[in-house]
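1. requesting a structural model of the entry that follows:
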Amino acid sequence: MADGPRGGGSPSSGSGSSRENSAERSPVPAAPRASIMKDGSRQRPVQKKKTVSFSTMPHDRKINSTAACISFMLQGCEMKKVRSNSRMYSRFFLLAPDMRCLRWEPSKKDSEKAKIEIELVKEVRVGKKTPVLRSNGLSDQFPDECAFSIIHGDNYESLDLVASSADVVNAWVMGLRYLVSYGKHTPEAPEAGHPSLRTSWISSVFEVADLEKAGRISVARAVQLIKALNPGMKASTIELKFKELQKAGERPGSDVACDLFVEAYVDLCTRPEIFFLLVQFSSDKESLGLKDLLTFLEVEQGMEGVTEETCLEIIGKYEPSSEGREKGYLAIDGFTRYLLSPDCSIFDPQHRRVCQDMTQPLSHYYISSAHSACLREDSSWGSAGLGGYVTALRMGCRSLELVVWDGPDGEPLVSGGRSAASRVACRSVVGVIDRYAFEASEYPLLLCLAVRCSPAQQRLLAQCLRKTLGAKLHLDPPAPQEAYLPSPETLKGRVLIKGRKLPPSCHESEGEVTDEDEGPEPWQRPGEADGQPPTGGGRRRLRLSRELSELVSLCQAVPFQDFEASRRGQRYWEVCSFGEVEAGRFASECPAELVSYNKRFLSRVYPSPLRIDASNMNPQDFWKCGCQMVAMNFQTPGLMMDLNAGWFRQNGACGYVLRPAVMREEVSYFSANAKDSLPGVPAQLLHLRVISGQNLPKPRGSGAKGDVVEPYVCAEIHGIPADCAERRTKTALQSGNNPVFEESLEFQVNLPELALLRLVVLDDDYIGDEFIAQYTIPFECLQSGYRHVPLRSLAGDLLPHTTLFLHVAIANRPGGGKGPRRGRAGRRGRRLREYASAKTTGIKAIDEVFRTASQPLREATDLRENMQNALVSFKELCGLTPAATMKQCILTVAAWLLRSESAPSVTLNLGEQYPPMEARGPVPELLRKVLTAYETTIQTSRTLIELADAVHSKLLQAQQAGMDFHKELHRLEAKEGLKGRKLQKALESFAWNITVLKGQADLLKQAKAEALDNLWQIHNAGQSCGIGRNGSASPDLGRVRTPLEPISETEGGSDTGSC
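-> Have a look, this model is predicted:
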């Protein structure tokens, strides 16, 4: 029941790590922790194996310029050469002194053959991007970031290499790319330092600070300047750098000259990983011009509609030098500022405002809910205050619990614990709620009343609510003719009271109702040492005043009996509350029934009374079953509160999140405990490249260990059981507070709409608490591309200037994505292809309808997967990952051709709707394979585009025909004599079939849109790189743009029942 360790594992024995448990304590007795694969909580083996990074790079060497890269290449280093037979040989590689060729030794070859001329290099690829490096015998022997390939010669041969670290790879790749671009024209080594554009700007900063124009400023002033330009950097680090440079240059003193200031700034403020990225896209290997920046934004960041005006705005906003702004160049400092800015956030800006449909019934949303918000600490002896309500409401909380007791002096009190310090005057609480109710969100606020006071004080409570909240109270009675609750949009600015209500037969001023068993010891009053539960084991009876009863309209609290009774008799405005243990049992034993129940009715889950320390339950355990309100102790930080806070940051942090469609639709199949992909829901692959960290603080309680932090990053996916997983990076040893990880992690996410990504930074060499920082984000809010992650503290507060630098790639997202795996089974083709199929219900008429869908289901799968497989093959032959875009592929092929004087003439005929790629002259083997793969991609895309509408229509017709039976389903079941387990199986099969048909139709619609977008990218890239001919401004796709209509969620009748 406990939240579990914040860092992801069970605590070690003895004096082991307390990890994040200092703020997350387990209730007594503690339940055994389960594996993350079972319940979504994180688990790490007790015997932890440390992984470290070995590098041939000296720790004091910082590669931050092309000159430094070429200097490193001239000295040479040992790397492994990979042969086509999958064997690896250690060789010493170096750049020849004249920088015209790359040599290696020892080698059996003649010294004149053991080399590659720079002018023959076509391309330098990073990662496992050739068939040799992707072969099954090698793929697991070394990480992707330690491999690179040099494509050379007229036959496009590859020299495949494995380095000792990503740093070495980056140095060779950047140096080679520079020489390939400028080697013929600039045989001399580039000048040391960075371009004059940057040097001029740094010098101008120095000149402004040199008020006396003496050519020197004090060390203190120089430190202050650099810290102002890089706020996260420690002053002690800057001072140490000046001392090192003064000592090395034999220039001791208390003043700093301009050249020393420039050298210190370049050394301290150049992040190599960002400079490598800039060089990858830069035409001059020193800065990004307008076209360079536009390509980066489109290709890597997935931005759409980017123009040169957009690029000029970015340069004007982030480039520090006036010369760069005037000429339209973004140098390394401006590029770094842009990547760190909110404009380049990992969090999708669309979700910073309300972006979901807010007109659905209230029961179709997750609602941010607080439990005992008045408490500052644990629920037994913690003190109370109004700040908890303010904090919760400002975080977008839309459901507050008020446990009201009799108070002295005739005024009711709100209390959350046993001690006298846990009481707050009810009048004060309602006043705070009135003031802050709609500050963060305009959508309805639910006040969940747990009444423990006498009828007399209930009347005072009702008067206080009416007087303070006034017109904000929603008092209109529910409309009996409706089937669902109103929407959040309809109830904007209103406060709903959830509580007991007197029966219609009661005409007195007060009456007796069944009390709600919610909260710790409902029979115990604050301050009482011992309380006794009601005798007889039944529910406690409560005297309820009419004044308070009349405030309850749309959220009438009723006791839960069973799912069948609710299906037959519960009204849509009645709300049931479930204890954590009871809700957990339902989620485990009958998850489908709980999901179906929550389609129409609101449910609230509250913590176990055993959580006397105010620890939190895992909200994902109940969200996956559709429970709308999972009450959290907002005052207790930890893993579970991170998940809750991260989840409700989406949709403008308004406190309402629309549930996945498969959990809302009247007829749908959804298994909350699924351990595989879901019918009709496309699984996505998340590829994370964890590059580096910035300004990481020391772990809390680690004062005895000095300044050394040895961090690693743990990435976690929280969601349905099929998605729960975690991966970790290697430990960055002796890295200070700016570690470099350079490691790739991959996850498959089967239900993206219900998944969260949590990134935790932990210290692998710690005394005390190893937690450093974390960030939690809904999967649907991730932006692809290069992103900085703003890290948060244990309490959830932003840590200033503390970030992780990542590259994110997600399937089916612009700017990134991972295609199908190309393992052995993937290459066997259609024979092992898995097809979605309908299940037998046992009702002949219905089964006959679904049987007609078998062929269109197969056709839809073939159309989609044929195109996807062709795309992946084409991208791999281009030396790109499945995450690449079609535009990247065309630009890559064009770059090969432009770098070779003897290359064949290849053109794209943009006058054709499906442009062919045509070659003239002798075609090398690799290029011939690329052209063939491109032709296959075009043909499979054309087939999909032209046939998609007809197949989609057949799927729609079958789905609609099935839905026509929905109203008659129970009658047909009775006619066929289906009962018990057979009846339940028939209902599940019917829902499965409807879900599969709708899901496959939606997937086909998405695939057609992707195919059309790829054609647009081909035209766009062909025009921009110069290999297109007969082109127009955009492809003529008008006749194939027939829209595929989505299948309505409500088609098939208005029956309120669910399958």
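
2. nearest residue to the middle of the protein?
-> Most central in the chain under Cα atoms, centre = their mean is Phe779, positioned 3.5 Å from the mean C-alpha point.

3. surely that residue meets Pro752?
-> Yes. With contacts counted by Cβ atoms under 8 Å, Phe779 reaches Pro752, the gap being 4.8 Å. (Glycine included, C-beta is placed from N, CA and C.)

4. all helices of the stretch 651-800 of the chain, in order?
-> Along the stretch 651-800 of the chain, counting by DSSP state H, counting those that start in this stretch, no stretch forms helices.

5. ranges for the strands of the stretch 601-750 of the chain?
-> In the stretch 601-750 of the chain, strands defined by DSSP state E, counting those that start in this stretch lie at 603-606, 629-632, 656-658, 684-694, 711-718, 725-728, 740-749, listed in chain order.

6. JSON lines please, covering the ones you listed and showing mean neighbour count.
-> Converted to JSON lines, the strands of the stretch 601-750 of the chain look like this (neighbours: other Cβ atoms under 10 Å):
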{"stretch": "strand 603-606", "mean neighbour count": "26"}
{"stretch": "strand 629-632", "mean neighbour count": "28"}
{"stretch": "strand 656-658", "mean neighbour count": "23"}
{"stretch": "strand 684-694", "mean neighbour count": "22"}
{"stretch": "strand 711-718", "mean neighbour count": "25"}
{"stretch": "strand 725-728", "mean neighbour count": "19"}
{"stretch": "strand 740-749", "mean neighbour count": "21"}
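
7. tabulate the ones you listed (JSON lines), appending distance to Ile346 and mean pLDDT.
-> Putting the strands of the stretch 601-750 of the chain into JSON lines (distance: least, Cβ to Cβ, whole Å; pLDDT from 0 to 100) gives the following:
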{"stretch": "strand 603-606", "distance to Ile346": "30", "mean pLDDT": "94"}
{"stretch": "strand 629-632", "distance to Ile346": "24", "mean pLDDT": "95"}
{"stretch": "strand 656-658", "distance to Ile346": "19", "mean pLDDT": "96"}
{"stretch": "strand 684-694", "distance to Ile346": "11", "mean pLDDT": "92"}
{"stretch": "strand 711-718", "distance to Ile346": "13", "mean pLDDT": "95"}
{"stretch": "strand 725-728", "distance to Ile346": "17", "mean pLDDT": "94"}
{"stretch": "strand 740-749", "distance to Ile346": "15", "mean pLDDT": "90"}
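
8. for Pro480, which of those strands is the nearest?
-> strand 603-606 (21.5 Å; Cβ to Cβ).

9. packing partners of that closest one?
-> Counting by 3 or more Cβ pairs under 8 Å, 6 or more residues apart in numbering; DSSP states H and E, the packing neighbours recorded for strand 603-606 are strand 574-579, helix 580-589, strand 629-632.

10. which one is Pro916 nearest to, not counting chain neighbours?
-> Asn909 (5.4 Å; Cβ to Cβ, 6 or more residues apart in numbering).

11. who touches the nearest residue to Ala725 once chain neighbours are set aside in this structure?
-> Excluding the flanking residues, the one nearest Ala725 by Cβ to Cβ, 6+ apart is Ile717, at 5.0 Å. Ile717 is in contact with Leu686, Asp723, Cys724, Ala725, Glu726, Phe747, Val749, Ala755, Leu756, Leu757, Arg758, Phe779, counting by Cβ atoms under 8 Å, 6 or more residues apart in numbering.

12. if we can go back for a sec, please identify the deepest-packed of the helices and strands packed on strand 603-606.
-> strand 629-632 (a mean of 28; mean count of other Cβ atoms under 10 Å).

13. mind listing the strands that one pairs with, and their directions?
-> strand 365-370 (parallel), strand 603-606 (parallel) (DSSP bridges).

14. and stretch 547-567, which residues are buried?
-> Buried residues in stretch 547-567, counting neighbours by 16 or more other Cβ atoms under 10 Å, are found at 547-549, 551-558, 560, 563, 566-567.

15. do stretch 972-981 as well
-> Buried-residue list, stretch 972-981, by 16+ other Cβ under 10 Å: Leu972, Glu973, Glu976, Leu978.

16. among those residues, which lie within strands?
-> Counted as lying in strands by DSSP state E, out of the buried residues of stretch 972-981, is not a single one.

17. which one among those gets closest to Ala228?
-> Looking across the buried residues of stretch 972-981 and measuring by Cβ to Cβ, the closest to Ala228 is Glu973, at 74.5 Å.

18. these two touch, right, the closest one and Phe965?
-> No. Shown here, Glu973 and Phe965 do not form a contact pair, counting by Cβ under 8 Å, at 10.6 Å.

19. who touches both of these two?
-> Ile843.

20. what's the neighbour count on Gln280?
-> Per other Cβ atoms under 10 Å, the neighbour tally for Gln280 reads 17.

21. then His351?
-> Neighbour tally, His351, other Cβ under 10 Å: 20.

22. looking at the closest residue to Ile994 other than its chain neighbours now. What's its pLDDT?
-> Excluding its sequence neighbours, the residue lying closest to Ile994 (Cβ to Cβ, 6+ apart) is Val667, at 4.8 Å. Here, the pLDDT recorded for Val667 equals 83.

23. Leu880 now?
-> The predicted local confidence for Leu880 is 81.

24. do the same with the one 5 residues further on
-> pLDDT, the model's per-residue confidence, is 83 for Thr885.

25. so it sits against Gln1017, correct?
-> Yes. Thr885 lies in contact with Gln1017 (Cβ under 8 Å); the separation is 6.2 Å.

26. show the contacting residues for Cys197.
-> Just so we're on the same page, residue 197 is Leu rather than Cys. Glu286, Ser287, Ser321, Glu323, Gly324, Tyr329, Ala331.

27. looking at this, it is in a helix?
-> Yes. Leu197: assigned to a helix according to DSSP: H, G, I helix; E, B strand; the rest coil.

28. distance of it from Ala456?
-> Distance of Leu197 to Ala456, given as Cβ to Cβ, to the nearest Å: 79 Å.

29. repeat that for Ile612.
-> For Ile612, the distance to Ala456 - Cβ to Cβ - is 31 Å.

30. the more surrounded of these two?
-> Regarding Ile612 and Ala456, a neighbour count based on other Cβ under 10 Å identifies Ile612 as having more, with 18 against 13.

31. mind listing what the closest residue to Ser549 other than its chain neighbours touches?
-> Spatially, and ignoring its direct neighbours in sequence, Ser549 is nearest to Leu502 (4.3 Å; Cβ to Cβ, 6+ apart). With contact set as Cβ under 8 Å, 6+ apart, Leu502 has these partners: Glu510, Gly511, Val513, Leu544, Arg546, Ser549.

32. quick check: the farthest pair among these?
-> Using Cβ to Cβ for every pair in those, the one that comes out farthest apart is Val513 and Arg546, at 11.5 Å.

33. more neighbours: these two, which one.
-> Val513 (22 against 18).

34. relative to the host helix or strand of that one, what are the paired strands and their orientations?
-> Applying DSSP states H and E as the criterion places Val513 in strand 510-514. Counting by DSSP bridges, the strands paired with strand 510-514 are strand 541-545 (antiparallel).

35. beyond the strand it pairs with, next helix or strand please.
-> helix 546-549.

36. which residues does that next one contact?
-> Taking Cβ under 8 Å, 6+ apart as the rule, helix 546-549 contacts 449, 451, 458-459, 461-463, 499-502, 506, 508-511.
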